[in-house]
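Asks: Structure for the following, please:
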Amino acid sequence: MHPLYQPVLDILEQAARDIVLPYYQNLKSDQIAEKTPGDLVTIADRLSEEFLSEALSSLLPDAKVVGEEAVAADPAVRDQIASEQVWIIDPIDGTGNFAAGNPPFGIIIALAEQNETVAGWLYDPLTQRICHAVKHGGAYINGARISVAQASPPKPVAALATGFMTFDQRDALLSKAVPQYEIVDIPRCAAEQYPRLVLGTNHLSVFERTLPWDHAAGILMLNEAGGKCARWDGSDYFPADRTTGLLGASSPKLWDEAAGLLGDIFDA
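Replies: Numbers count the residues shown, from 1 in each chain. Now for the predicted structure:
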């Protein structure tokens, strides 16, 4: 585990206990707003990010901090992700679910160094599940090391995030995927989707929008557990990269099969 595993977990637990959960199913209408159409933010997102930013800065005073809501207020903040050391924060992942009073939602923290994710934490406030990964050091759930199952199911389960695709991409993806995979609803929460891939609840996920606060920690977790998440051309994900498109799978074999079947849809 990363040397800061427990201090960061302590911070996550405090944010969940003192800020996030008191607002869960208790938000007033004036405490929910739209940053862009369909992209919600709540008072809990903002307060959680303020707390996390300050607390994480106390752990590594020289590290930059890039939070989802700070970037929404000032897009130039995102440029700091390529810094030598940076905390990347999603104060509430799955805000749409949270604002509606429904699970799942989570808090995600990634630590990146020179544009590579070196550690990640994905915390579920409702179940207190903590998923953690450290570069070259494995993946863990609730402190126990975990690896993906390498056996391929007869019909893999696929959760396809099509919301940010073009109509043509979505239609082409579904026409090719439906005969080969069991299609299930996405959880609309990366803090839940990546654990599903590691645990084998889902075997395949496709993402078009790949913002670092959503994906950096989860990608590291999946790869460290023995699965595979990469760009469609097989290249690694880097937090400062602003290109789109990701394919995640619960084994390299399933990744290769899906890339061969679906990859030409996203070649452009």
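Asks: Would you map the strands across the stretch 51-200 of the chain?
Replies: 64-67, 85-93, 106-113, 116-124, 129-134, 138-141, 144-146, 157-160, 182-184 (DSSP state E, counting those that start in this stretch).
Asks: now these in a markdown table, with mean neighbour count and mean pLDDT?
Replies: (C-beta placed from N, C-alpha, C; glycine too.) Shown next, in a markdown table, are those (neighbours: other Cβ atoms under 10 Å; pLDDT from 0 to 100):
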| stretch | mean neighbour count | mean pLDDT |
| --- | --- | --- |
| strand 64-67 | 21 | 97 |
| strand 85-93 | 26 | 98 |
| strand 106-113 | 27 | 98 |
| strand 116-124 | 24 | 98 |
| strand 129-134 | 24 | 98 |
| strand 138-141 | 20 | 98 |
| strand 144-146 | 13 | 97 |
| strand 157-160 | 22 | 96 |
| strand 182-184 | 14 | 96 |
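Asks: and of those, who's closest to residue 53?
Replies: Among the strands of the stretch 51-200 of the chain, the nearest to residue 53 by Cβ to Cβ is strand 64-67 (4.7 Å).
Asks: From the contact counts, what lies against that closest one?
Replies: In terms of contacts (3 or more Cβ pairs under 8 Å, 6 or more residues apart in numbering; DSSP states H and E), strand 64-67 is packed against helix 43-59, strand 85-93, helix 212-224.
Asks: Domain-wise, how is this structure divided?
Replies: What automatic domain parsing lists as the domains of the chain is 5-146, 157-266.
Asks: The strands of the stretch 51-200 of the chain: which one's closest to residue 57?
Replies: Once these are compared by Cβ to Cβ, strand 64-67 is nearest, at 5.9 Å.
Asks: What lies in contact with the closest one?
Replies: Applying Cβ atoms under 8 Å, 6 or more residues apart in numbering, the contact partners of strand 64-67 are 49, 52-53, 56-57, 77-78, 80-81, 83, 85-91, 212-213.
Asks: still on that earlier bit, is it possible to export the strands of the stretch 51-200 of the chain to TSV including distance to residue 202?
Replies: Converted to TSV, the strands of the stretch 51-200 of the chain look like this (distance: least, Cβ to Cβ, whole Å):
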stretch	distance to residue 202
strand 64-67	27
strand 85-93	17
strand 106-113	16
strand 116-124	15
strand 129-134	14
strand 138-141	15
strand 144-146	15
strand 157-160	5
strand 182-184	7
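Asks: which stretch among these comes nearest residue 24?
Replies: Residue 24 sits nearest to strand 85-93 of all these, at 9.6 Å, using Cβ to Cβ.
Asks: The closest one - contacts with which helices or strands?
Replies: Applying 3+ Cβ pairs under 8 Å, 6+ apart, one finds that strand 85-93 makes contact with helix 43-59, strand 64-67, helix 68-73, strand 106-113, helix 190-199, helix 212-224.
Asks: Recalculate using a threshold of 6 Å.
Replies: Under the contact criterion of 3 or more Cβ pairs under 6 Å, 6 or more residues apart in numbering; DSSP states H and E, strand 85-93 touches helix 43-59, strand 64-67, strand 106-113, helix 212-224.
Asks: Can you dump the C-alpha atoms of stretch 30-45 in CSV for me?
Replies: Taking Å, rounded to 0.1, in the frame of the first residue of the first chain, the C-alpha atoms of stretch 30-45 are listed here in CSV:
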residue,chain,number,x,y,z
ASP,A,30,-31.3,25.8,-3.7
GLN,A,31,-28.4,23.6,-2.7
ILE,A,32,-28.3,21.9,-6.1
ALA,A,33,-27.2,23.7,-9.3
GLU,A,34,-26.2,22.9,-12.9
LYS,A,35,-22.7,23.7,-14.0
THR,A,36,-23.7,22.8,-17.5
PRO,A,37,-26.9,21.1,-18.8
GLY,A,38,-27.2,17.8,-17.0
ASP,A,39,-24.0,18.3,-14.9
LEU,A,40,-25.0,18.9,-11.3
VAL,A,41,-23.1,20.3,-8.4
THR,A,42,-24.4,20.5,-4.8
ILE,A,43,-23.3,22.3,-1.7
ALA,A,44,-21.9,19.0,-0.5
ASP,A,45,-19.6,18.8,-3.5
